[in-house]
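[1] the sequence isn't on hand, but the structure is:
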């Protein structure tokens, strides 16, 4: 049965043609049984044929068919062809024109034609069984009702179709917006993971490289120092592997688990431990906290830790020999201030901007992205008197 319905919906012109042939056959029976004479029959046959044909063509050109039907109605009045089964085509055309949602003039013309059809027919062929004026008016109203219902039904179908089209368009638009949001989310997540990987790899690997160079330099002269450096390399490597496993676990499973337990993100409380590790790697660091420490949003704490980590890594990489650094954390009422400075020789400015001179440096870019995500500000550049300075202000609430 469903296939039959699908076939009918797939061949609308064929269905309309079937009903047109059926309507033409019924109308021919009326013409044969007409007792008005041969002249009337000859005039009725082309009118019946054209009215039936209008049903077959109603979906292809509804406005033109409407004009044709109105002309046939006037011809029917002029040629004295009494109402017959073919006039049912007028109801079908009125419904079609309104339901198709064509021009406004066509819908108004269909309504006016439907309202005038019954009074015109009653004036041309009065009902002989009703002598009173009220009776004639009542019959006219009864005959007019089907035309009005056809127009109302067509308008209802048009409104429903427009509503469904609007819902479909809205669903399509929402689907496109969801796809766009998904792409943005994927890009943001990739950028976040890239920042995390950069911070982990750049910091820990640079520490391992410095310690390895130092161990090779003092291996023969001071074996104890070389052993200490190797121990630092070992612990730093384990820490790097642990953070790498955490990030890879997020990529594979979508959560931050390691061994079944949640792994916390670095926070401000671990900055002191970070400084101690950097000191153990050979960089002199002065660490101070001003204000009253208090819990901060997790995003602010992670951003502060990564900024200090990246700044100290850059000081060790670009500061040169005997470089010293200082780290200050200032707790304000509405945020957290960071100031990381070193007195080394620094690096060329292009190493910090636009991916570095070789296009591979992303430390400062990652800092700016992190600070921007929490609504803060970042200032980085050479320090008067030599060295490099990085200052950041991280608000407690993101700026809108």
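    Perfect, I can see it now. As the structure is a computational prediction, the values presented were derived from the model and not from experiment. Numbers count the residues shown, from 1 in each chain.
[2] pLDDT weak spots in the stretch 101-250 of the chain?
    Applying pLDDT under 70 to the predicted model, the residue ranges of the stretch 101-250 of the chain that meet it are 130-131, 189, 198-203, 246-250.
[3] try 50
    Within the stretch 101-250 of the chain, no stretch falls below the threshold (pLDDT under 50).
[4] could you pull out the helices in it for me?
    104-124, 133-218, 223-253 (DSSP state H, counting those that start in this stretch).
[5] and these: which comes nearest residue 55?
    Closest of the helices of the stretch 101-250 of the chain to residue 55 is helix 133-218, at 13.2 Å (criterion: CB to CB). (Glycine included, C-beta is placed from N, CA and C.)
[6] list the helices and strands that closest one packs on?
    helix 88-99, helix 104-124, helix 223-253, helix 298-318, helix 363-373 (3 or more CB pairs under 8 Å, 6 or more residues apart in numbering; DSSP states H and E).
[7] of the helices of the stretch 101-250 of the chain, flag the one that's most buried.
    Taking mean count of other CB atoms under 10 Å as the contact definition, the stretch among the helices of the stretch 101-250 of the chain with the greatest mean neighbour count is helix 104-124, which reaches a mean of 17.
[8] just checking, what packs against that one?
    helix 62-78, helix 88-99, helix 133-218.
[9] and the average pLDDT for the helix or strand that contains residue 13 is what?
    Per DSSP states H and E: residue 13 is located in helix 12-33. Taken as a whole, helix 12-33 has a mean pLDDT of 86.
[10] so what's the gap between the helix or strand that that helix is followed by and the chain middle?
    Scanning forward in sequence from helix 12-33 by DSSP H and E, the next helix or strand is helix 38-56. The offset between the C-alpha centroid of helix 38-56 and the centroid of the whole chain comes to 56 Å, using CA atoms, centre = their mean, to the nearest Å.
[11] gap between the two ends of stretch 277-288?
    Terminal residues of stretch 277-288 are spaced 16 Å apart (CA to CA, to the nearest Å).
[12] ok, now stretch 365-385?
    Counting by CA to CA, the length from the leading to the trailing residue of stretch 365-385 is 25 Å.
[13] now that stretch: mean pLDDT?
    Averaging the model's pLDDT scores along stretch 365-385 yields 85.
[14] same thing with stretch 300-317?
    Per-residue pLDDT values across stretch 300-317 average out to 86.
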